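Q: Provided below are the primary sequence and the corresponding predicted coordinates.
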Amino acid sequence: EAGVAQSPRYKIIEKRQSVAFWCNPISGHATLYWYQQILGQGPKLLIQFQNNGVVDDSQLPKDRFSAERLKGVDSTLKIQPAKLEDSAVYLCASSLVGTLNEKLFFGSGTQLSVL
Amino acid sequence: SQQGEEDPQALSIQEGENATMNCSYKTSINNLQWYRQNSGRGLVHLILIRSNEREKHSGRLRVTLDTSKKSSSLLITASRAADTASYFCATRRQAGTALIFGKGTTLSVSS
């Protein structure tokens, strides 16, 4: 079974530029998550989708971050404009339906450096 | 916000030794999960323990849960160099919500 695919693997941009990340979850997984992981910390949830609807985006900085999951499959996360503090690894994860005991499957992440 | 806090932050041991890391959490939970993250990679699920379980085993992993103390521990027996990674505990407040991760313990196993 193919895992969660993310691209690009690495991205270096200057502050105030825009950037987009792409995620393709495991086939059939209805729930998709974007997490931000700053160096030395645990993943922090940015947004959770159930199919193509948003379940939780309470920690998404909506003035600069946006995310969509058209057709309930692939998802993109965009930052515009980027700040220095956005330097982090952006992890995409998926799960079957989002029930209480489900485990998450993670992609390898996109490492973003904002200069 | 972080729900779990792992302890210690970093742990260095020799191959063959056991490694124990602890996780404390704040609110009541239904289950607790442990994940491993190798450097530069995504997280991989290791084991899940339900709130009505006190101990669970999977290969060289042993997880305990003490809901009265709101804490869990992960024991890796007979550590190998390949166990070098960061380990995170994670909890979910209710069905349909996302997992909340702790800050992690970085384990280094030297040969």
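A: Perfect, I can see it now.
Q: going forward, measure contacts and count neighbours with C-alpha atoms only.
A: Fine.
Q: what does chain A have sitting close to chain B?
A: Residues of chain A lying near chain B by Cα under 8 Å from any Cα of the partner chain: A:33, A:40-45, A:48, A:55-56, A:91, A:98-101, A:103-109.
Q: what about the spatially most central residue of chain A, distance to chain B?
A: Compute the mean C-alpha point of chain A, and by Cα atoms, centre = their mean the closest residue is residue A:34, 2.8 Å away. To chain B, residue A:34 is 10 Å away according to Cα to the nearest Cα, to the nearest Å.
Q: what are the bridge partners for that residue, then?
A: Residues in a beta bridge with residue A:34, per DSSP bridges, are residue A:47, residue A:92.
Q: Just the pLDDT at it, thanks.
A: We have a pLDDT of 98 for residue A:34.
Q: Next: residue A:1.
A: Looking at residue A:1, its pLDDT stands at 63.
Q: picking up where we left off before, can you pull the contacts of the residue nearest to the centre of chain A?
A: Contacts for residue A:34 were tallied using Cα atoms under 8 Å, 6 or more residues apart in numbering or on different chains; they are A:45-48, A:77, A:90-93.
Q: go again using 10 Å as the cut-off
A: Residue A:34 sits next to A:23, A:43-49, A:57, A:60, A:67, A:75-77, A:90-94, A:106, A:109 when contact means Cα atoms under 10 Å, 6 or more residues apart in numbering or on different chains.
Q: Wait, a helix at residue B:97?
A: No. Secondary structure of residue B:97 (DSSP: H, G, I helix; E, B strand; the rest coil): coil, not part of a helix.
Q: The residue nearest to it when sequence neighbours are not counted in helix, strand or coil?
A: Nearest non-adjacent residue to residue B:97, counting by Cα to Cα, 6 or more residues apart in numbering or on different chains: residue A:98, 7.2 Å away. At residue A:98 the chain is in coil, as set by three-state DSSP.
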